[in-house]
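Engineer: Sequence first, then the predicted structure:
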Amino acid sequence: MEVYEHRAELCSETERFTDMIQAVRPIIEHSTTALLPAHRELIHAAYKGRVLASLRQYHRLEKLEAREWREKYLLADYLAHIREEVRQTSREILDFIDYKFLVFEGSVEGVIFYQKIRGDYYRYMAEAGDCDAPALSSQSYLKAMDRVSQLPSFHPTRLSLVLNYSVFHHDIKKDLREATIIAKEGFDMAIKEVHVVEPRQYKEVMEYLDLIRDNIKLWKEERKVKDRAEAKAKHDLAQSAAMS
């Protein structure tokens, strides 16, 4: 297995995620027990990297304004092509999770990890316009959230879930309030116990906490802007009614 691991790591260093997927497939095919944490991280990194690269292309194309009907046709056609690319890559790893990884996984942490990344891949599909994906993403995140109290509040898998589930509410559900609540509750619980984090996990834990804290700050500012806009709209409406 070491040769596949080294090949996958090289692909990761050069961000050649399609090649990285090819490198990790033998690890998946030969697995007959729960994956080692190092292996599951490599596999997830490969598929996530490929999907996120496609999503960046998808969002870039979404911002283009076609100038004539032929351009509109080509743009729509290429968006559909990338959307299918996201769906196929996500669907492949989701099938591995459902029919192999979760079947062999015996630890609570492992089950939470897989349900969390199920939510992630359905979220990516939702970003690319899949209408069924938001509900499936929510279901997966909720399954992970139902068990997450069995992990310490500062556990990296728990913090990763808090981060991604809150992003799901912000980006997909467009629910700024719920996103902020999830992020703040997770952050506050973890920060109280961060002093007992083992040295080997400290860097990873702090990176997650920094990301969650940054999102909370951004979303609070976003809420203020929305509140000001709503207040102005109400004020303008009242003035208009008074003048009529």
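Structural biologist: Thanks, I have it.
Engineer: could you pull out the helices for this structure?
Structural biologist: Here the chain has its helices, by DSSP state H, at 2-13, 17-30, 37-62, 69-96, 102-104, 108-127, 133-147, 156-171, 176-193, 199-243.
Engineer: Columns mean neighbour count on top of those, output as TSV?
Structural biologist: In this view, the C-beta of every residue, glycine as well, is placed from N, C-alpha and C. Below are these laid out as TSV (neighbours: other CB atoms under 10 Å):
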stretch	mean neighbour count
helix 2-13	15
helix 17-30	18
helix 37-62	18
helix 69-96	16
helix 102-104	12
helix 108-127	22
helix 133-147	18
helix 156-171	22
helix 176-193	17
helix 199-243	12
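Engineer: how about the ones you listed in CSV, adding mean pLDDT?
Structural biologist: Output for those, formatted as CSV (pLDDT from 0 to 100):
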stretch, mean pLDDT
helix 2-13, 92
helix 17-30, 94
helix 37-62, 94
helix 69-96, 91
helix 102-104, 95
helix 108-127, 97
helix 133-147, 97
helix 156-171, 98
helix 176-193, 96
helix 199-243, 87
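Engineer: how about residue 230, what does it touch?
Structural biologist: Counting by CB atoms under 8 Å, 6 or more residues apart in numbering, residue 230 touches no other residue.
Engineer: Distance check, it against residue 117.
Structural biologist: 36 Å (CB to CB, to the nearest Å).
Engineer: for residue 144, same thing?
Structural biologist: With CB to CB as the criterion, residue 144 and residue 117 are 9 Å apart.
Engineer: Check residue 222 too.
Structural biologist: Taking CB to CB, one finds residue 222 at 27 Å from residue 117.
Engineer: check contacts around the most centrally placed residue in the chain.
Structural biologist: Nearest to the mean C-alpha position of the chain, by CA atoms, centre = their mean, lies residue 120 at 3.9 Å. For residue 120, the contact set (CB under 8 Å, 6+ apart) comprises 48, 137, 164.
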